[in-house]
Structure formats: structure tokens, C-alpha cells
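Peer 1: 3D, please:
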Amino acid sequence: MLFTQVGNSKITQMIACASASVLVALAPLGNAATAQTTSAPTLSVPDFTSVVAKTEGSVVNIRTTESVPTRGPGMGPNSNDPYEMFRWFFGPDFQPPGMPGPGQRGKPSPAPQERERTIPRGVGSGFIISADGYVLTNNHVVAKANGIFVTMTSGKEYTAKVIGTDARTDVALLKIDATNLPPLPIGDSTTLKKGQWVLAIGSPFGLDSTVTSGIVSAINRDTGDYLPFIQTDVAVNPGNSGGPLIDLAGRVVGVNSQIISQSGGFMGISLAIPIDEVMRVVEQLKAHGKVTRGRIGVQIGPVSDDVGKAIGLPDAKGAMVSNVEAGGPADEAGIRAGDVITKFDGKDITHMTDLPRIVGSTKPGVRVPMEVWRKGKTVTLKVKVGEMPSAEGETTSGQPEAPKAAPTDVLGLKVSAVPEAISQKIKGGVQVVEAEGQAAAAGLTAGDIILTINDTDITSPEQYSKLVAGLDKSRAAALLVMRGDQTQWVTITPGK
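Peer 2: Now for the predicted structure:
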């Protein structure tokens, strides 16, 4: 109501009087002289004009075209051929009874041949990174395009060539035939702080050279993608993709890539790829036209607080190994399912998503140290990093047969020996035949294999029974459970 009535003089006077009354009431509580001279610090919005003036000439508009299949000329419901209208709606082989096609009286008309035509595909943004014509943008801006056209702020247009793309980081490197271009200086995204002013320049909805401003809302925002993002509240919309995120010194600190929106438009959350990560990709694209990444052959999951406490991990950090690829680099290094990787090549693994990023940036073929948490202590191993293939296959496992089970124990489980077909692939363990109560609530089901409880490996049903009978009923037990080819820790509190 205050905003709708702000022009009402009576209300304005009432607010002013109320403010004066408060000031009079508070004055005696402190030194009058101090009250008169002390004032809140004045904050002002920075002037962006100088930053825009020296950077917008390096930002480009990118439009793309693609080829789509289409019928020959004159096809469709508006065709001059009266019989084509029927074929358009009922299929190319349709021949109306008693209505032979022209020149084919009494015979079916031949189906029209499909052709290709070029149509506009989309509009994005990019920016110049070198005077000799290298341009950066997003991979999704140019993917599947058969024509890429770069337009400068002066209106001059160039046909661009794709030097290389990387779908994992959504980066594409283009080249245009031009010289003496104004490149944007590259900044340092590792020094960004929350609350720092940043600008975005791009072509939202095709409106080229549009400038928006905001602040850094979060750093290292994990969205489940390969990279952590810079989160801002800068207005970024479709068409801004591939444009630069610029600091007040006029340096690129990120590449605008995504928005989080329920409407398809800006809703206050924009995501940019950190420029440090981008430039590492650019170096490889320039040199090889593709990106080579390292891999160690593990599947990982997060470490929850409950699991961390149950296995004695000081902090719920790291990447929990759920599966180790047989014969892979991790397997050869001695990494086991259930290990928690806490450090790789001297770098801390705080969150599980740190591991693939650090491993991926490691050169294949080198041998690096890594630390894992295993059975209450840190173990240091050395792993020879392999090369990540372009696509990794998935393996599946059949459902094991259900052997004879023992009575339900304090964890709510009935278990038996591991069938021979499975015991040839793993060492020790017991198989779940039935799960009920707290075990079922924890997600265990028939066929699961229990490999470890807390810090003790399971070797047989008899050893498992003795171990479970002696569990502390006042705290949750951590079970390392294998299902198919996947392994994860599960916590269960023993029943009374």
C-alpha cells in the first residue's frame, strides 16, 4: 500500500512526523553532538560506462543455420498439383482412387524426393580472445549447425570455422578470417568474491550488444555438471549464451552459459563457466581440436554425515567409491569399493564433484598419489591416470539366485553365503535373502551383497552373524552394500 500511495501528501506528512518523533525520543540516550555528526556510510552504484566502452567492441553476435529435410518445391496443401494435397495429408504413396497423377494416368504417382534446405537455427553471443580472429562461445550455440556467422558491433559479418568443441564444459572455439581485432583481456575467476559487481554483454533475444549488470551470488555452484559455476543475479536470457561475464576492470571472468528458470526467461539466477576452466579447454582445442581428459575408472557418490560418523571419518568430505572398474587404473592401484577418496594429486576432495574435475584435468599416463580413508585410517596409494574415452559403456548384472537364509538378525536382515557365480568376482561377503524393518527402510533388498560392516570385512555368514550380534545398539552401523556393479555405504541402527 505504501508504494501505491506514495503520492498522497497526508501519508507523506505522517511518515515524516513519525520519523521525527523517533529521532526526538532517541536523542537523549546518547551524546547530542555525536548524534548530529555520525551518519551511515554512503554506498553508490559504480559507473559502468567506461567498462562498457572498452569491452563491447570485443563482443560478437553469433547466428547459426542448419539443414533440414524437406519435400521438393511446390509440395504441400498449397501446391498447384491437386493430387499433392492428398499426398501431403495421407503420405507420399497415397493415390486417390480414380484420380491418377499427372502424366501417370492409371499408374501411381512417384513419391516426391526429400531435399534439404537451410533454415535459421538460433542466435547466441561470443567474444574475441585474440587479435587474429579466435572467438569463444558455448558449444550448445554452435552444435549441429551447418553455418556459423559472426557479426561485429560495427555490423561486419564473417563466416566462422569451428576449431574445436567440448560438450562437457560447453565450450566452443571458433576462428574467423580477420586481423587486428580487439581481444578481451582474460581475468582470474579464482579471485572472485560474493557480492562483487559483474557485467554481461550479449545478444538476448537477438538484441545485440545488450549490457546487464549484477553481483556474484555464489562461487563454485554445483549443479551436477562437470564444472562448478559462477552464480550471478545478472540478467541473462536466451541469446546471451557464450557471451562474457566481465568484472569492473574490463576482464573476462566467466562465460555465460545457463539460467535457472521456470519460464524460460531470467529469474535472478544465472550461471557462468569460470574463465580459468575455459582457458584450459581452449589450450587443448587450439593444439589438438579436442580435449583429452584423465580417468581412473571409479564410480563415486557423496559421503553423508551418518556414513562419515559410522566409518570414523573426521569430516563428511570426499568421494565415496561405489564401484571400481575391473582392470582399470584404480583397480591396479589397489582402490576398493567403500574407500573414501579424500585427496588426489595433493588436492583436497571436499565434495564428490571435485574428483572428476581434478582427475579430468590430469594428463593421462602420469602416476599421482591419492589418499583414501579405509577402515578408520588414511591410506596413500599411487594411481596411473588413464585416458577418458569419448563414450563409456555401461555394464549390467543379472539378478542372483536366492540361496537358503538364516533367521532375521538385529539389522532386519536374513543373509546367506554368496552364490558361486558371484563369489568368483568378489572376495567374501554375504547375500541378502530378505530385508525387513530398519533394513528395508534403509533401501536394502534381496540380492544385495554386504561386503563390510563398519571397519570389518565380511568373510562368511558365520562371521557376519557374530559381528552383527555384537554391534552397539546405541549407534548406527555402516554397511558397504553391493548391488549389481554398484557399491555404496548404508547406515542401519540395530534393533533391540
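Peer 1: what's across from the residue nearest to residue 246 when sequence neighbours are not counted in the sheet?
Peer 2: Nearest non-adjacent residue to residue 246, counting by CB to CB, 6 or more residues apart in numbering: residue 199, 4.6 Å away. C-beta: built from backbone N, CA, C; applies to glycine. Beta bridges link residue 199 to residue 213, residue 246, judged by DSSP bridges.
Peer 1: Wait, residue 199 touches residue 46, no?
Peer 2: No. Contact between residue 199 and residue 46 fails when scored by CB atoms under 8 Å: they sit 10.1 Å apart.
Peer 1: Which one's more surrounded, these two?
Peer 2: residue 199 (21 against 10; other CB atoms under 10 Å).
Peer 1: For residue 217, see how far away the more buried one is.
Peer 2: The spacing between residue 199 and residue 217, counted by CB to CB, to the nearest Å, is 15 Å.
Peer 1: what do you get for residue 261?
Peer 2: Distance from residue 261 to residue 217, counting by CB to CB: 15 Å.
Peer 1: Who has more neighbours out of these two?
Peer 2: Each of residue 261 and residue 217 has its neighbours counted (other CB under 10 Å); residue 217 has more, 18 against 15.
Peer 1: Which element, helix or strand, includes that one?
Peer 2: Secondary structure assignment for residue 217, by DSSP states H and E: strand 210-221.
Peer 1: cool, residue 373 as well?
Peer 2: Following DSSP H and E, the helix or strand that holds residue 373 is strand 367-374.
Peer 1: Direction included, what does that strand pair against?
Peer 2: Applying DSSP bridges, strand 367-374 is found paired with strand 340-344 (antiparallel), strand 377-384 (antiparallel).
Peer 1: for that strand, which positions count as buried?
Peer 2: Neighbour-count burial for strand 367-374, counted by 16 or more other CB atoms under 10 Å, picks out 368, 370-374.
Peer 1: same thing with stretch 459-473?
Peer 2: 461, 464, 467-468, 471.
Peer 1: now the end-to-end length of it.
Peer 2: 22 Å (CA to CA, to the nearest Å).
Peer 1: And stretch 351-366, by the same measure?
Peer 2: End-to-end distance for stretch 351-366: 23 Å, by CA to CA.
Peer 1: what do you get for stretch 124-134?
Peer 2: One end of stretch 124-134 to the other measures 16 Å (CA to CA).
Peer 1: and it, how far from the chain's centre?
Peer 2: 25 Å (CA atoms, centre = their mean, to the nearest Å).
Peer 1: Now it: average pLDDT?
Peer 2: Across stretch 124-134, the average pLDDT comes to 96.
Peer 1: repeat for stretch 472-479
Peer 2: The model assigns stretch 472-479 a mean pLDDT of 88.
Peer 1: The stretch 151-300 of the chain: strands as residue ranges?
Peer 2: Assigned by DSSP state E, counting those that start in this stretch, the strands in the stretch 151-300 of the chain fall at 157-159, 161-166, 171-175, 197-202, 210-221, 229-232, 244-246, 252-259, 270-274, 294-295, 298-301.
Peer 1: just those: most buried one?
Peer 2: Mean neighbours per residue, mean count of other CB atoms under 10 Å, is largest over those for strand 244-246, with a mean of 32.
Peer 1: quick one: residue 278 from residue 309, how far?
Peer 2: 39 Å.
Peer 1: Residue 375 now?
Peer 2: Look at residue 375 and residue 309: by CB to CB, they are 15 Å apart.
Peer 1: And for residue 143?
Peer 2: Residue 143 sits at a distance of 45 Å from residue 309 (criterion: CB to CB).
Peer 1: before we move on, what about residue 217?
Peer 2: From residue 217 to residue 309 the distance is 32 Å (CB to CB).
Peer 1: what's the first-to-last distance across stretch 410-419?
Peer 2: One end of stretch 410-419 to the other measures 23 Å (CA to CA).
Peer 1: ugh, wrong one, stretch 263-270
Peer 2: End residues of stretch 263-270 are separated by 14 Å (CA to CA).
Peer 1: Any idea how far it is from the middle of the chain?
Peer 2: 17 Å.
Peer 1: can you pull the buried residues of that stretch?
Peer 2: 266, 269-270.
Peer 1: Stretch 415-432 now?
Peer 2: 415-418, 422, 428-432.
Peer 1: now do stretch 352-372
Peer 2: Within stretch 352-372, the residues scored as buried using 16+ other CB under 10 Å are 352-360, 362, 368, 370-372.
Peer 1: Residue 120: neighbouring residues, count only.
Peer 2: By other CB under 10 Å, the residues close to residue 120 number 10.
Peer 1: brain fart, residue 177
Peer 2: Using other CB under 10 Å, residue 177 is surrounded by 10 other residues.
Peer 1: what's the spacing between it and residue 151?
Peer 2: In terms of CB to CB, residue 177 sits 14 Å off from residue 151.
Peer 1: And residue 325, by the same measure?
Peer 2: With distances taken as CB to CB, residue 325 is found 47 Å from residue 151.
Peer 1: how about the helices in the stretch 251-400 of the chain?
Peer 2: 275-288, 305-310, 329-333, 354-360 (DSSP state H, counting those that start in this stretch).
Peer 1: between those helices, which gets nearest to residue 233?
Peer 2: For residue 233, the closest of the helices of the stretch 251-400 of the chain is helix 275-288, at 18.9 Å, according to CB to CB.
Peer 1: Any buried residues in the closest one, and which?
Peer 2: By 16+ other CB under 10 Å, the buried positions in helix 275-288 come out as 275, 277-278, 280-282, 284-285.
Peer 1: Nearest to residue 299 among the residues you listed?
Peer 2: Top of the list for closeness to residue 299, among the buried residues of helix 275-288 and by CB to CB, is residue 277 at 23.0 Å.
Peer 1: pretty sure that closest one is touching residue 170, no?
Peer 2: No. Counting by CB under 8 Å, residue 277 sits too far from residue 170 to count as a contact (10.5 Å).
Peer 1: which residues are in contact with both of the two?
Peer 2: Shared contacts of residue 277 and residue 170, defined by CB atoms under 8 Å, 6 or more residues apart in numbering, are absent.
Peer 1: Could you verify my assumption that residue 415 touches residue 433?
Peer 2: Yes. Judged on CB under 8 Å, residue 415 makes contact with residue 433 at a distance of 6.3 Å.
Peer 1: quick one: contacts of stretch 480-489?
Peer 2: 299, 301, 303-304, 307, 310-311, 320-323, 337-338, 395-397, 426, 429, 444-445, 447-453, 478-479, 490.
Peer 1: just checking, residue 163 touches residue 171?
Peer 2: No. With contact defined as CB under 8 Å, residue 163 does not count as touching residue 171 (10.9 Å).
Peer 1: hey, what's in contact with both of those two?
Peer 2: Shared contacts of residue 163 and residue 171 (CB under 8 Å, 6+ apart): residue 285.
Peer 1: Of all the strands of the stretch 151-300 of the chain, which one is nearest residue 185?
Peer 2: With CB to CB as the yardstick, what comes closest out of the strands of the stretch 151-300 of the chain is strand 252-259 (7.1 Å).
Peer 1: That concludes my questions; thank you for your assistance.
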